[in-house]
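Asker: What follows is a predicted structure for the sequence shown.
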Amino acid sequence: MSDLSRLRLAVERILKDTAEREILPRFLRVDGEMKADGSAFSAADIAAQESLIEALARLADLPMIGEEMPGETQKAAWARGFSDGVWVMDPIDGSTNFLVGLPQFAVSAALMRQGRPVLGVSYLPLAREMFSASLGGGVWLNGERLPPVSVDGARKAVADAVACIDFKRLRPELSLTIVQDAPIYSQRNFGSSVLEWCYLAAGRVDVVTHGSERLWDYAAGWLMIEEMGGRVATFEHDDFFAAPPWKRSIIAARSPELFCLWRDWLRQRMAEIGM
């Protein structure tokens, strides 16, 4: 077993323990607050983040980036850990769901080196589903390795695709175009970017489109799709990592064929509306 695989298993244990000790006991028992960017958080987010920081530091004492940290702290940690490694964590992704009692939320952590994820773990506490990936080590769900897309019979036609699309962070003109004209079979949005990456890796959805994900939203998920044989780009760049790390638009699909079809359709529509 490689060092990254052993580290992946250790991070899985940390995320499950954090969920059981800090997140689930607070489910429907804490009040939410609003951050300056309009997103929700609660005492559960803070407690989970502190628990993750402590536990991950014992595994590898590296700079830490957590969603609930000040922006200056995040950027300083990114600069310090860019070469040797930086932990990136989302203590509760889907905080609004968590606060109102919807089960679609997750806790996630990734290890990044040279600006790219080499390890990613996401845990869905109420579903008791642990998704994880390491560079070159494939994607795992509850201890079972998921078969790569090339042998998994992924849907290749846009007309058959189930798409996760976050309309809230798209330009209104693009949202309207997608609603009226998109050739997809069906659309979903679960209110948790981390969860949607996991569902994409597992083949429960076929494409994901988002107007602006933060580093901790996509870090673990990008690696899962890369290891599955899928493709990820931004609205502007086929090279996902050409965009600034802090906010990136997302075009992702489980198969290269479906990715190209959906990307080309989106970019043509964006050109038509002047994006």
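Answerer: The structure has been received and is ready for your questions. Numbers count the residues shown, from 1 in each chain.
Asker: Could you say which helix or strand holds residue 112?
Answerer: strand 106-113 (DSSP states H and E).
Asker: who does the next helix-or-strand element following that strand pair up with?
Answerer: Using DSSP H and E, the helix or strand that follows strand 106-113 towards the C-terminus is strand 116-124. Using DSSP bridges, the strands paired with strand 116-124 are strand 106-113 (antiparallel), strand 129-134 (antiparallel).
Asker: Kindly compare burial across the ones you listed and name the winner.
Answerer: Counting by mean count of other C-beta atoms under 10 Å, strand 106-113 has the highest mean neighbour count of these, with a mean of 27. Every C-beta, even on glycine, is put in place using the N, C-alpha and C of the backbone.
Asker: How far off centre is it?
Answerer: Chain-centre distance of strand 106-113: 9 Å, with C-alpha atoms, centre = their mean, to the nearest Å.
Asker: One more: stretch 267-275?
Answerer: 26 Å.
Asker: in it, what's buried?
Answerer: 269-270 (16 or more other C-beta atoms under 10 Å).
Asker: quick one: average pLDDT of it?
Answerer: Stretch 267-275 carries an average pLDDT of 93.
Asker: How about the contacts made by residue 191?
Answerer: Counting by C-beta atoms under 8 Å, 6 or more residues apart in numbering, residue 191 touches 94, 96-97, 102, 104.
Asker: out of those residues, which are buried?
Answerer: Buried members of the contacts of residue 191, scored by 16+ other C-beta under 10 Å, are 94, 96-97, 104.
Asker: how many other residues sit next to residue 6?
Answerer: If you count neighbours by other C-beta atoms under 10 Å, residue 6 ends up with 12.
Asker: now do residue 147
Answerer: Per other C-beta under 10 Å, the neighbour tally for residue 147 reads 14.
Asker: Over to residue 173. Which of the three states is it?
Answerer: helix (DSSP: H, G, I helix; E, B strand; the rest coil).
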